[in-house]
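Enquirer: Turn this into a model:
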Amino acid sequence: MAGGRGPMNSEAPGTLAVGRVKFFDRHRGEVNSSAFSPDGQRLLTASEDGCVYGWETQSGRLLWRLGGHTGPVKFCRFSPDGRLFASTSCDCTIRLWDVAETKCLQVLKGHQRSVETVSFSHDSKQLASGGWDKTVMLWEVQSGQVLRHLVGHRDSVQSSDFAPSSDCLATGSWDSTIRMWDLRARTPAFFHQELEGHSGNISCLCYSASGLLASGSWDKTIHIWKPSTRSLLVQLKGHITWVKSIAFSPDGLQLASAGYSHTVKVWDCNSGKCIETLKAQHLNPC
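Expert: Numbering: from 1, shown residues only. From the prediction side, this is the model:
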């Protein structure tokens with residue numbers, strides 16, 4: 001399942017099923033991350049082979065294979081306006097790419113170790129990144145300049161997402177905590193609050209359009225939080241392996257989650273019940 005806010009059917013529950021599975025199989029290494037474009041017409045994939053791939057979603061046609069990183073590509077994400085995408089790598093850099101011309105516009109350098117996550121603000125003007133150096137960096141997209149260093153996590157930063165208003169950034173870490181950064185603050189202390197409850201690495205984060213925050217973890221659970229009150233609304237249990245990716249439906253009433261066991265679960269966010277379990281096993285792309 002592609003990370004972030006990719007296409008997800010929020011129509012009547014109970015009608016989802018695994019149908020014809022489409023394979024994007026020209027990678028030369030493991031696929032570490034994937035993301036849909038805002039219009040759902042393109043799929044971006046980040047590969048261990050050091051390249052970023054772009055695909056036409058409906059046909060499965062390979063549109064581009066972009067090199068430039070000198071190490072495995074760990075994460076990728078489109079900007080909300082659909083004009084750019086970003087990729088992160090073990091080479092300690094973030095690359096900003098132009099979608100229309102499929103060329104690299106900026107190479108952002110500043111992290112000391114592998115960069116594991118990247119997120120765009122909702123106006124596409126800022127970028128947040130985090131990685132194995134335990135730091136979060138906030139960048140200006142147009143200039144490629146560092147705006148802030150956010151320090152506080154005690155271990156690698158693995159996931160991130162901006163709140164819908166873009167005035168708050170959530171980051172998840174191997175230290176099993178979620179940190180909420182108030183980006184409106186003008187003092188050196190940008191740390192706002194911490195959400196605790198998971199017992200494993202926070203592998204993925206995703207805001208709903210209404211401002212709820214979902215977190216997926218190596219502890220095999222998903223938590224849905226109300227950040228304004230630091231309250232845990234519901235805990236979703238059912239995955240038998242660690243949760244790799246999560247995405248809200250556009251109306252925020254459902255959540256899809258992908259586990260490392262080739263299983264996608266669809267949840268009712270109000271009741272916390274699993275609506276569907278989609279499995280694609282024993283499939284042969286040939």
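
Enquirer: Please list all residues in contact with residue 56.
Expert: Residue 56 makes contact with 41, 42, 43, 63, according to Cβ atoms under 8 Å, 6 or more residues apart in numbering. For the C-beta atoms, the positions are set from N, CA and C on the backbone; glycine is no exception.

Enquirer: residue contacts, the closest residue to residue 121 other than its chain neighbours?
Expert: Among residues not flanking residue 121 along the chain, residue 166 sits closest, at 4.1 Å (Cβ to Cβ, 6 or more residues apart in numbering). When contacts are counted by Cβ under 8 Å, 6+ apart, residue 166 is found next to 121, 122, 123, 126, 183.

Enquirer: Skipping its backbone neighbours, what lies nearest the second one in space?
Expert: Okay, so that is residue 122. Distances taken as Cβ to Cβ, 6+ apart place residue 166 nearest to residue 122, at 4.9 Å, with adjacent residues excluded.

Enquirer: That neighbour belongs to a strand, doesn't it?
Expert: No - remark: residue 166 does not belong to a strand; assigned using DSSP: H, G, I helix; E, B strand; the rest coil, it is coil.

Enquirer: Next one: it from residue 179, what distance?
Expert: When distances are taken as Cβ to Cβ, to the nearest Å, residue 166 and residue 179 turn out to be 17 Å apart.

Enquirer: for residue 33, same thing?
Expert: For residue 33, the distance to residue 179 - Cβ to Cβ - is 21 Å.

Enquirer: Number of residues surrounding residue 123?
Expert: One way to gauge burial is a neighbour count; for residue 123, by other Cβ atoms under 10 Å, it gives 12.

Enquirer: Could you look up the SS state of it?
Expert: coil.

Enquirer: mind listing what it touches?
Expert: 80, 166.

Enquirer: just residue 72 next, same as before
Expert: By Cβ under 8 Å, 6+ apart, the neighbours of residue 72 are 29, 32, 47, 48, 49, 50, 89, 90.
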